[in-house]
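Undergrad: need coordinates for the following:
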Amino acid sequence: MKNPHLFHLSVSICLLVQAGLYAQKAPEPFKLALLQMNVIGGDRESNLSHAGAMIGEAAANGADFVLLPEAMDLGWTDPSALTKAEPVPGGETCQFLSSMAKKHRLYICSGLIEKSEDKVFNSAVVLDPGGNVILLHRKINELDIGHPYYALGDRLNVCETEFGTVGVMICADASTGDRVIPRALSYMGADVILSPSSWAVQADHDNSRDPYGGMWKEAYKSVARDFRVWIASCSNVGWMTGGPWKGWKGIGCSMVIGPGGEEMLNAPYGADADTILYVKVTPEPRPGQGTTWHQYWDAHRSR
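TA: Residues are numbered from 1 along each chain as shown. As a prediction, this is how the structure comes out:
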């Protein structure tokens, strides 16, 4: 053996990992801004203008990372997806987000409608402060009414930042059976999961009688507790003017769940609840990886 000391060190680390006692260094804390913006179906110019103003305000308030809604540029299931979708990174929406990231020196995660060859995808991107696309996600668990508009994604991704490993899902990706998509992102090492969303209800929905958001909290909290991961979801607001949910209202209710399953932020409800919300995210060192997660869970169930 060329280096017995290195061998013993490797064995020691392996044993610590197996015992659930070895964890990575904690990533840097950061200020996350959720841009719960009004999205106008099919009106890219207005939506980008509004997003740009909100990104500028968030940057002025010290945000390190901003999260925007699903289909921020055209609106979810708006028929314009079939004619106005653009490529990533070359399209107008992605180029605009790139310019905002570079101008304000921050990270941006946003939903957008992507054209790739002959397919249209309900996608999301993460851009770094240099304006580079460092992650592209295409929604997998699309609602049935979205199938006429969007092809389905076929992979999951995470990206590395100084604020930890970031995973991305889109809206209903979180509600798969047994939460397989957010759980898979957690197995892939995500410290933070970001979810551009588009939450809408029928026009006569009474939030005082039937409060919105319970299904998302149930989905997020179970994963956040199991994997000690942060999960943040940002939804749009405003009335839907086209597609199968024409006449429904986007109602915000954006939220952030902390790594113990705590509700760290709950945004206001309503078609006019256009606002920016801030939360300090402090990622934790992951207490497990691979099969050591099961040892971590077993140890904590026995307490």
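Undergrad: what about this structure, any weak spots by pLDDT?
TA: Where the chain drops to pLDDT under 70, the residues are 1-25, 302-303.
Undergrad: show me the helices in it, by range?
TA: All helices of the chain, identified by DSSP state H, fall at 4-18, 44-60, 81-84, 92-104, 180-187, 214-227, 292-301.
Undergrad: looking at those, which one is packed in the most?
TA: helix 180-187 (a mean of 21; mean count of other CB atoms under 10 Å). C-betas here are computed from N, CA, C, even on glycine.
Undergrad: send the alpha carbons of that one over as PDB?
TA: C-alpha atoms of helix 180-187 as PDB (Å, rounded to 0.1, in the frame of the first residue of the first chain):
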ATOM      1  CA  VAL A 180     -40.800  11.400  -5.100                       C
ATOM      2  CA  ILE A 181     -39.600  14.500  -6.900                       C
ATOM      3  CA  PRO A 182     -38.600  16.600  -3.900                       C
ATOM      4  CA  ARG A 183     -37.300  13.500  -2.100                       C
ATOM      5  CA  ALA A 184     -35.200  12.700  -5.200                       C
ATOM      6  CA  LEU A 185     -33.800  16.300  -5.200                       C
ATOM      7  CA  SER A 186     -33.000  15.900  -1.500                       C
ATOM      8  CA  TYR A 187     -31.200  12.600  -2.200                       C
END
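Undergrad: and the strands in the stretch 201-303 of the chain?
TA: 230-235, 237-239, 249-251, 255-257, 263-266, 275-281 (DSSP state E, counting those that start in this stretch).
Undergrad: dump these to a markdown table, plus distance to residue 158 and mean neighbour count.
TA: Converted to a markdown table, the strands of the stretch 201-303 of the chain look like this (distance: least, CB to CB, whole Å; neighbours: other CB atoms under 10 Å):
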| stretch | distance to residue 158 | mean neighbour count |
| --- | --- | --- |
| strand 230-235 | 13 | 29 |
| strand 237-239 | 29 | 22 |
| strand 249-251 | 28 | 25 |
| strand 255-257 | 18 | 26 |
| strand 263-266 | 21 | 16 |
| strand 275-281 | 16 | 18 |
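Undergrad: out of those, which is closest to residue 175?
TA: Judged by CB to CB, the one of the strands of the stretch 201-303 of the chain that comes nearest to residue 175 is strand 230-235, at 11.3 Å.
Undergrad: next, format the strands of the stretch 201-303 of the chain as JSON lines and append distance to residue 100.
TA: Below are the strands of the stretch 201-303 of the chain laid out as JSON lines (distance: least, CB to CB, whole Å):
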{"stretch": "strand 230-235", "distance to residue 100": "16"}
{"stretch": "strand 237-239", "distance to residue 100": "20"}
{"stretch": "strand 249-251", "distance to residue 100": "22"}
{"stretch": "strand 255-257", "distance to residue 100": "22"}
{"stretch": "strand 263-266", "distance to residue 100": "22"}
{"stretch": "strand 275-281", "distance to residue 100": "14"}
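Undergrad: among those, which is nearest residue 167?
TA: Closest among the strands of the stretch 201-303 of the chain, once you apply CB to CB, is strand 230-235, at 9.3 Å.
Undergrad: residue 89 reaches residue 99, doesn't it?
TA: No. Counting by CB atoms under 8 Å, residue 89 stays clear of residue 99, with 11.5 Å between them.
Undergrad: returning to what we had before: of all the strands of the stretch 201-303 of the chain, which one is nearest residue 178?
TA: strand 230-235 (15.8 Å).
Undergrad: partners of the closest one, with directions?
TA: Applying DSSP bridges, strand 230-235 is found paired with strand 192-197 (parallel), strand 255-257 (antiparallel).
Undergrad: re the thing from before, now the helices of the chain as TSV including distance to residue 134?
TA: Below are those laid out as TSV (distance: least, CB to CB, whole Å):
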stretch	distance to residue 134
helix 4-18	27
helix 44-60	17
helix 81-84	24
helix 92-104	10
helix 180-187	15
helix 214-227	22
helix 292-301	26
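Undergrad: what's the closest of those helices to residue 121?
TA: Across the helices of the chain, residue 121 has its closest neighbour in helix 81-84 (9.4 Å, CB to CB).
Undergrad: what does the closest one contact?
TA: Contact with helix 81-84 is made by 42, 44, 71, 74, 113, 120, 122, 149, 150, as judged by CB atoms under 8 Å, 6 or more residues apart in numbering.
Undergrad: where's the last one relative to residue 164, distance?
TA: Same thing as residue 150. Distance, residue 150 to residue 164, by CB to CB, to the nearest Å: 29 Å.
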